[in-house]
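**Q** this is a predicted model, with the sequence first.
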Amino acid sequence: MSNGKVRIYDLAKELNRDNKDLLTICEKLAISVKSHSSTISDEEAAQIRQEAETFTPPVAPKPMRPAQAPARPKPSVPMPVKKSQQIVAVHSTHSRPTPALAPTSEGNSTPSLVEQPSRPVPQLHRPPAREGSLQPPIKPIVRAPQPPAPPAPATPEVEQLVQAQEPAPLPTLQGPPPRPRQSTPSTLGTTASASSLEGIAPPRKVRLPAPPRSQQLQHPEPLKVPGPKISVSGSEPVSPDVLPKPVHKLQPPPRLLDAPVRPAPPKPPGTGTSEDAIEVLQNDSVNRVLSTRGRRTRGKTAQEEEEELRAKNAAKGKRRTSGIEEEDELDFGADSLLKLQTIDVSQSLVRPPKPKATKSSRPVTVKPEAKPAPKKADKTDRRSHRGRDRQEEEEATRPEKITLDGSLTVQELAMKLVVPESEVIKILFFKGIAATINQALDLETAEMVTKELGIEVEAGTQESAAKKVTEMIEAGDLDYLQRRPPVVTIMGHVDHGKTSLLDAIRHAKVAQGEAGGITQHIGAYHVDVEHNGEPAQVVFLDTPGHEAFTAMRARGARVTDVAVLVVAADDGVQPQTIEAISHAKAAGVPIVVAINKIDKESAQPDRVKQELTEFNLVPEEWGGDTIMVPVSALQRENLDTLLEMILLVSEVEDLYANPDRPAKGTVIEAHLDKARGAVATFLVQNGTLRVGDVFVAGACLGKVRAMIDDRSQRVEAAGPSFAVEVLGLTDVPAAGDEFEVFTDEKAARSLADQRTMEQRQVRLAQAMAARRVSLTTLSDQAREGELKELNLVLKADVQGSLEAILASLGQLPQDQVQLRILLSAPGEITETDVDLAAASSAVIVGFNTTLASGARQAADQNNVDIREYNIIYKLLDDLQAAMEGLLDPEMVEEELGQAEVRATFAVAKGVVAGCYVQSGKLVRNCKIRVQRGSQTVHSGVLTSLKRMKDDAKEVATGFECGVRLDDFQGWQEGDVIAAYQTVAKRRTL
Ligand SMILES: Nc1nc2c(ncn2[C@@H]2O[C@H](COP(=O)(O)OP(=O)(O)OP(=O)(O)O)[C@@H](O)[C@H]2O)c(=O)[nH]1
């Protein structure tokens, strides 16, 4: 007692009574207490004391199994007088009901069990038991003095359990204090399950309030339902007399195995199956997931469940987790099932439900830091800091459909999808693609990610890119349209002869000069041909064939009117052939197939045709509509026919433009020329480009200083479909950027400024996103200290080089050190790049490019490392080495030398060992070990080293020296000093 307050359990002790007795007295005296730990006033305590003198613990109005009790000749389980709360399986009597007892249990036993008029049960809303439902194997505590145990019905297992749990018999059944969260029906059910599980389940401390008789009478159905009734959730009543049967229901593994991967078949409401048993898991989270599914099989939607749960929690005054705990608790009793279901569980975990289905099935990875850049999402962040709110918001703002047009970075895709970048990275990761935030994704991959998130990709997205050609034409041009030459892209697998073919067509040996046989840049070439007796022209875009240039090739197709697909007759359809077909088809560009190398003996043109039919390219002679021309680039065979066919195919295309207007078109390639500055190849798609024209290409302002055609001739004007190299740019635009001539220089300048500003913002966003990566997408690994990062700012002469480098960097192993490209852009290294690198501790890598004025100085000031390369392999090697450098070095011992102690001298500061250096050297402050025979008698640092009387930094082999240590004086002649140093050895990736 303290402060005039008395706790119930203190009082119980004082009165030598059970807590429950006192609670009962309290109830009787209308003293409001919640539990035995509640406090009451002294007056109330006095009342209770008084009452306790005459109080006899109430005997249950009826024995638990009145019909069965007499049948028990002797109580198989000795009932304890006190601490009887853990009767485990009294209901197991139902597991094998004798025919004689069955009717009794229908009529009486259930009500008798729960009939506790003095304890109202708040939860009387349980639905009747549902057929076939599984009951979680729970061992409720029926705090009850019991009638003598029925003899026959109790299974041996149950009896064992009961014996284990209840060492002493209880004379009577005693009602528990009111507990609002349990109901008797579930008790029945859970107990039944427990018994059905052969008593393996551990005892549960679930106290069950007894519902009033009326409640019990509301649920007579379960007793009438033939067949097993087991409920997983413990919320449904179960017919006691059919309880043994579920044992068989639970056994068959095939049904359990089905559960994780197959949605539950429709069942009558409340119906449980063995699948539900999978809810029983040790892992809480798994339990929740599976419980959710289990509940759904009973016909509830996620929303209903959510609401129900909230309502439950509100009623309990607890948070949601408590609901889960309760659920887990209820499931606890079926540990035995775990053994049976381990495989099922793991299956369900490795195959999470598709995110598309419902909110709950979407991978929950939205973290505050992982918010993508979109402004809308940021606002949401500010409004609410709760993850769930944000996720809901995010999902609400998530588009149903998006349009993908060509390759884009992970970040750009995440912004489009309104998901955190981490989500995209995660999806890619699970698909086996390790991507960084700024990694470019090709269309196919982006589509895959989009679909994975349940967002539709708008059909014909590539069409928009292809239509760019026609979009170049404005309404004002319509009256002045003239036919223009077709722009042709040559595509195909590596080494199938693209360059040779173009070369053969142009009569110039371009291919011979190429190092490694890889075409490095997109070039454009004009070919004059005679068509229908009239002179005509075909413009060829030379696309590189190496895999690394896939993205660039995709861009090439955008401005293309006809695609020539080169397939080597001796090699057939190869991966890049297929890729080229899909690019051309996606862009809606007609394909002319050039079956090359027919001069070779191994050539099999028909095999090529056959293979191409698999891709819906059926040759005309086989009844299809694809023109296939067998050619030999080497022998210049059939080239005229090929050109003829290209013109024929392009005839049906709307190839018109208005040459009498300022030019518009696309940047085919751009690079920084050391002598000439920024140089770009423009393909004019409408109008005529002239020397002196002011233009904006991407974000770059320019004035055409000179134009050079593919024959290195200066030209004054370039009409539609012409490709010319343009000098006079202020910066290097990106391949694929559009250009447009402006008559008003001011307007051009302001547009360029505006675009530059936009680009800066994108860069800033990229930098911010890059920072977020460390906090979000990589947080898991970073948290474990497993992952380190190497930030890079990558600048190169041309887009093609960049793409090649990026593709190669993607191949570097990044499981221990993550490479993050903060920026990759063509052009020289500028002060802005240095700023970005400084802010993000990045290294700047320049490939075939130069430093803008001030960049070097800024780099020195900011301690930014700028590395310049002109050989890609060197760059890759260095970067790999740098990544390896980031790994924690391995500390290894390196032997320095050995000296023998020949004499010892006591000095003021200690003992000096007079030594002779036998090998290597002794170095002051190096580490040493003093060895005496095979024993190391001391390890430490060589603090004082003298040669004669002077301090020495080191003493080499063959010299004598004096060694004194601060922390060791026990020298003995013959001791050997082993000197060594620890060096950091770089680990490799
Ligand atoms: N026999 C024969 N060889 C050819 C023919 N066309 C090209 N080749 C050879 O095939 C090889 C590859 O030719 P390229 O023109 O470089 O092939 P490519 O597709 O442009 O290669 P990348 O630029 O690396 O994608 C060269 O050795 C050519 O000599 C042909 O018609 N007949």
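**A** Ah, there it is.
**Q** for the rest of this, base every contact and every neighbour count on C-alpha atoms.
**A** Fine.
**Q** what is the end-to-end distance of stretch 913-933?
**A** End-to-end distance for stretch 913-933: 17 Å, by C-alpha to C-alpha, to the nearest Å.
**Q** from residue 686, how far out is residue 478?
**A** 11 Å.
**Q** any common contacting residues for those two?
**A** residue 658 (C-alpha atoms under 8 Å, 6 or more residues apart in numbering).
**Q** so between these two, which is more surrounded?
**A** Each of residue 478 and residue 686 has its neighbours counted (other C-alpha atoms under 10 Å); residue 686 has more, 30 against 12.
**Q** got the contact list for the more buried one?
**A** Applying C-alpha under 8 Å, 6+ apart, one finds that residue 686 lies in contact with 472-473, 657-659, 661-665, 719-721.
**Q** ok, and the most crowded of these?
**A** Ranking those using other C-alpha under 10 Å puts residue 721 first, with 32 neighbours.
**Q** let me know the pLDDT of it.
**A** Note for residue 721: predicted pLDDT of 91.
**Q** again, but for the one 5 residues further on
**A** Predicted confidence (pLDDT) at residue 726: the value is 92.
**Q** so it, which state does it fall into?
**A** On the three-state scheme (DSSP: H, G, I helix; E, B strand; the rest coil), residue 726 is labelled strand.
**Q** what pairs with it across the strands?
**A** Listed by DSSP bridges, the beta-bridge partners for residue 726 are residue 680, residue 707.
**Q** surely it touches residue 681?
**A** Yes: with contact defined as C-alpha atoms under 8 Å, residue 726 counts as touching residue 681 (6.0 Å).
**Q** of the contacts of residue 686, which belong to strands?
**A** Members of the contacts of residue 686 lying in strands (criterion: DSSP state E): 657, 664-665.
**Q** near the ligand, from those residues?
**A** Contacts with the ligand within these, counted by C-alpha under 6 Å from any ligand atom: none were found.
**Q** including pLDDT, could these go into a markdown table?
**A** A markdown table is the format used below for those (pLDDT from 0 to 100):
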| residue | pLDDT |
| --- | --- |
| 657 | 89 |
| 664 | 91 |
| 665 | 89 |
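**Q** can you classify residue 978 as helix, strand or coil?
**A** Applying three-state DSSP: residue 978 is strand.
**Q** how about the residue nearest to it when sequence neighbours are not counted, secondary structure?
**A** Spatial nearest neighbour of residue 978, excluding adjacent residues (C-alpha to C-alpha, 6 or more residues apart in numbering): residue 898 at 4.6 Å. Put simply, residue 898 is strand when judged by three-state DSSP.
**Q** wait, doesn't residue 898 sit right on residue 961?
**A** No: between residue 898 and residue 961 there is no contact under C-alpha under 8 Å: 12.0 Å.
**Q** and the host helix or strand of residue 873, what does it pack against?
**A** According to DSSP states H and E, residue 873 maps onto helix 872-886. Judged by 3 or more C-alpha pairs under 8 Å, 6 or more residues apart in numbering; DSSP states H and E, helix 872-886 is in contact with strand 788-796, helix 799-809, strand 817-826.
**Q** turn those into CSV, including mean pLDDT, distance to the ligand and mean neighbour count.
**A** As requested, the helices and strands packed on helix 872-886 are exported to CSV (pLDDT from 0 to 100; distance: least, C-alpha to the nearest ligand atom, whole Å; neighbours: other C-alpha atoms under 10 Å):
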stretch, mean pLDDT, distance to the ligand, mean neighbour count
strand 788-796, 84, 21, 23
helix 799-809, 86, 13, 20
strand 817-826, 83, 22, 24
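**Q** nearest to residue 598, out of these?
**A** Residue 598 lies closest, by C-alpha to C-alpha, to one member of the helices and strands packed on helix 872-886: helix 799-809, at 31.1 Å.
**Q** can I get that closest one in PDB, CA atoms only?
**A** Only the C-alpha atoms of helix 799-809 are listed here, as PDB (Å, rounded to 0.1, in the frame of the first residue of the first chain):
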ATOM      1  CA  GLN A 799      28.100  11.000 -77.900                       C
ATOM      2  CA  GLY A 800      29.200   7.800 -79.500                       C
ATOM      3  CA  SER A 801      32.300   7.600 -77.300                       C
ATOM      4  CA  LEU A 802      30.200   8.300 -74.300                       C
ATOM      5  CA  GLU A 803      27.800   5.600 -75.000                       C
ATOM      6  CA  ALA A 804      30.600   3.100 -75.700                       C
ATOM      7  CA  ILE A 805      32.300   4.100 -72.400                       C
ATOM      8  CA  LEU A 806      29.100   3.900 -70.400                       C
ATOM      9  CA  ALA A 807      28.300   0.500 -71.900                       C
ATOM     10  CA  SER A 808      31.800  -0.800 -71.000                       C
ATOM     11  CA  LEU A 809      31.600   0.700 -67.500                       C
END
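**Q** so which bits of the host helix or strand of residue 499 are buried?
**A** According to DSSP H and E, residue 499 maps onto helix 498-506. Buried positions in helix 498-506, judged by neighbour count with 16 or more other C-alpha atoms under 10 Å: 498-505.
**Q** check the residues you listed against the ligand, which are close?
**A** Among the buried residues of helix 498-506, the ligand is touched by 498-500 when using C-alpha under 6 Å from any ligand atom.
**Q** tell me which stretches of the stretch 701-850 of the chain form helices.
**A** Under the criterion DSSP state H, counting those that start in this stretch, helices of the stretch 701-850 of the chain are mapped to 745-775, 779-783, 799-809, 831-839.
**Q** how about the ones next to the ligand among the buried residues of helix 498-506 in JSON lines, adding pLDDT?
**A** Output for these, formatted as JSON lines (pLDDT from 0 to 100):
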{"residue": "498", "pLDDT": "86"}
{"residue": "499", "pLDDT": "82"}
{"residue": "500", "pLDDT": "86"}
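**Q** can you redo these as JSON lines with distance to residue 807?
**A** Formatted as JSON lines, those follow (distance: C-alpha to C-alpha, whole Å):
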{"residue": "498", "distance to residue 807": "22"}
{"residue": "499", "distance to residue 807": "22"}
{"residue": "500", "distance to residue 807": "25"}
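**Q** re earlier: what sits against the residue nearest to residue 978?
**A** 917-922, 976-979.
**Q** dump those residues to TSV, plus pLDDT, distance to the ligand and neighbour count.
**A** Listed next are the contacts of residue 898 as TSV, based on pLDDT from 0 to 100; distance: C-alpha to the nearest ligand atom, whole Å; neighbours: other C-alpha atoms under 10 Å:
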residue	pLDDT	distance to the ligand	neighbour count
917	95	63	22
918	94	62	18
919	94	59	17
920	94	56	18
921	94	58	21
922	94	59	31
976	95	65	24
977	95	63	28
978	95	60	23
979	94	58	27
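**Q** noted, bye for now.
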